[in-house]
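Engineer: what's the 3D shape of this:
(2 chains)
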Amino acid sequence: MKVAVTAKGTSLESEVDQRFGRAKCLIVVDTDTDEMDVHDNEVNLNAAQGAGIQTAQNLAGLGVFAVLTGHVGPNAFRTLSAAEIKAYTGLHGTVGEAIEEFKAGSLNPVDSADVEGHW
Amino acid sequence: MDRTIIAVASGKGGTGKTTVATNLARVASIQGLEVSYLDCDVEEPNGHIFLKPRIENSAPICVSVPVVDEGKCTACGKCKEICQYSAIALLGKTILTFPNLCHDCGGCMLVCPTGAITETGREVGVVEEGIADGVRFVHGKLRIGEAMSPPLIRAVRKRIPDSGLSIIDAPPGTSCPVIQSVRGADYVLLITEPTPFGLNDLKLAVEMLRVLKLPFGVVVNRADMGDEAVFNYCDSESIDVLLRIPDDRRIAEAYSRGQLATQALPEYNEVFESLLKGIVGVQL
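Structural biologist: Below you'll find the predicted structure:
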């Protein structure tokens, strides 16, 4: 299955970006094949408003099952839910470590936003 | 007097916009002018503290936001594509609207091929009108938590009368709410203070007004503190410094009691009268 991680850079060694909507990059990893795609998120990083909504819509277009990130706000969470994408928050460290934690099955998806908008 | 609009603005907050705007309104009224004071600083209106108006009517102000009839929606995505503010999202066949992000442009309704989108009102605040000792008073009060102030500012500005002097108290800064407030003014007074912060934000405000092609002049508040940089800047840019208000502790004390400087300290009547004459000139 395809899982997205919000990242500050373009590799598995990059740090997990704590911001969902305004993450610098979205790294999509297929957990079955370990294939990896990097998607620049600069447009949303600089958006005046609605960054979380746009990022969530982009992830829906990429067909991911889940997203691993630091925090999600209410608009982002609502959009992810409508797209049936599970959100896992509170991740730290590198993108690679986040993927490993996810694969180990030790993470639980959130059932609401964990921060206010624009935190 | 023909309709004359003076907007009082500043790049930096807390420089004295309301002090200047309210005192100008009072001296204009004493001079026998038909004068209105309109507080467009709708996120934090405070002119009422000093002018103490008797509010005569209050009107809720709404913006139109989209409502999607899912029965008629074919999930074509045209509404989502035209929305520049991410107020509509489409996930598969699910359409989501985010009313608090909507700027009320109506684009989504226009492009919907099946007529699935209608509008409903969302209240962003209220406009209150009244009279304050001969000054016609209008202000907008933005709903707590609301981010969309320009529609409310537009509603305040709609109350500018066809004749007489209107003094607009603008919000600080140089963004959309400020532009909405100063647009169409006959003259803009930029209030600043002689500090590095005051200078930095004055430069931004000057750039904004030059783009808008509005005539303006500067009032330096607390003029005998800080340094000379603001004066040097105005000099080098050929910007008129219309008034220097001294750093007078008594003005601050009056302010802290909710009193107008010209009421508490009559010697300031002349100061604001000369400022007013300098702007509206022969019409006085």
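
Engineer: all helices for the stretch 1-150 of chain B, in order.
Structural biologist: In the stretch 1-150 of chain B, the helices defined using DSSP state H, counting those that start in this stretch lie at B:17-30, B:47-51, B:78-82, B:107-111, B:150-157.

Engineer: which one of those lies nearest to chain A?
Structural biologist: When the helices of the stretch 1-150 of chain B are ranked by proximity to chain A, the top entry is helix B:78-82, at 7.9 Å, counting by CB to the nearest CB. Yep, even glycine has a C-beta here, placed from its N, CA and C like the rest.

Engineer: pLDDT on that closest one, on average?
Structural biologist: Mean per-residue pLDDT for helix B:78-82: 96.

Engineer: centre of the chain to it, how far?
Structural biologist: With CA atoms, centre = their mean, to the nearest Å as the basis, helix B:78-82 stands 32 Å off its chain's centre.

Engineer: now mean neighbour count too, for the helices of the stretch 1-150 of chain B, in JSON lines please.
Structural biologist: Converted to JSON lines, these look like this (neighbours: other CB atoms under 10 Å in any protein chain shown):
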{"stretch": "helix B:17-30", "mean neighbour count": "25"}
{"stretch": "helix B:47-51", "mean neighbour count": "22"}
{"stretch": "helix B:78-82", "mean neighbour count": "19"}
{"stretch": "helix B:107-111", "mean neighbour count": "17"}
{"stretch": "helix B:150-157", "mean neighbour count": "23"}
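
Engineer: next, format those as TSV and append distance to B:T97.
Structural biologist: Supplementary listing: the helices of the stretch 1-150 of chain B in TSV, determined by distance: least, CB to CB, whole Å:
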stretch	distance to B:T97
helix B:17-30	36
helix B:47-51	35
helix B:78-82	9
helix B:107-111	9
helix B:150-157	17
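
Engineer: ok and the residue in chain A nearest chain B?
Structural biologist: For chain A, CB to the nearest CB, closest residue to chain B: A:G50, 2.3 Å.

Engineer: what does chain A put close to chain B?
Structural biologist: Proximity of chain A to chain B, by CB under 8 Å from any CB of the partner chain, involves residues A:47-51, A:53-54, A:56-57, A:60, A:75, A:78-79, A:82-83.

Engineer: buried subset of those residues?
Structural biologist: Buried residues within the residues of chain A next to chain B, defined by neighbour count using 16 or more other CB atoms under 10 Å in any protein chain shown: A:47, A:49-51, A:53-54, A:56-57, A:60, A:75, A:78-79, A:82-83.

Engineer: can you tell me which of those residues end up in helices?
Structural biologist: Where these overlap with helices, as defined by DSSP state H, the overlap consists of A:A51, A:I53, A:Q54, A:A56, A:Q57, A:A60, A:N75, A:R78, A:T79, A:A82.

Engineer: tell me the one of those residues nearest B:S149?
Structural biologist: A:N75 (19.6 Å; CB to CB).

Engineer: tell me if I'm right that that closest one and A:Q49 touch.
Structural biologist: No. Between A:N75 and A:Q49 there is no contact under CB atoms under 8 Å: 9.3 Å.

Engineer: common neighbours of those two, please.
Structural biologist: Common neighbours of A:N75 and A:Q49 are listed as B:L101 (criterion: CB atoms under 8 Å, 6 or more residues apart in numbering or on different chains).

Engineer: follow-up on the earlier one: show me the one of the helices of the stretch 1-150 of chain B that comes nearest B:S274.
Structural biologist: For these, the distance to B:S274 is smallest for helix B:17-30, at 9.4 Å, taking CB to CB.
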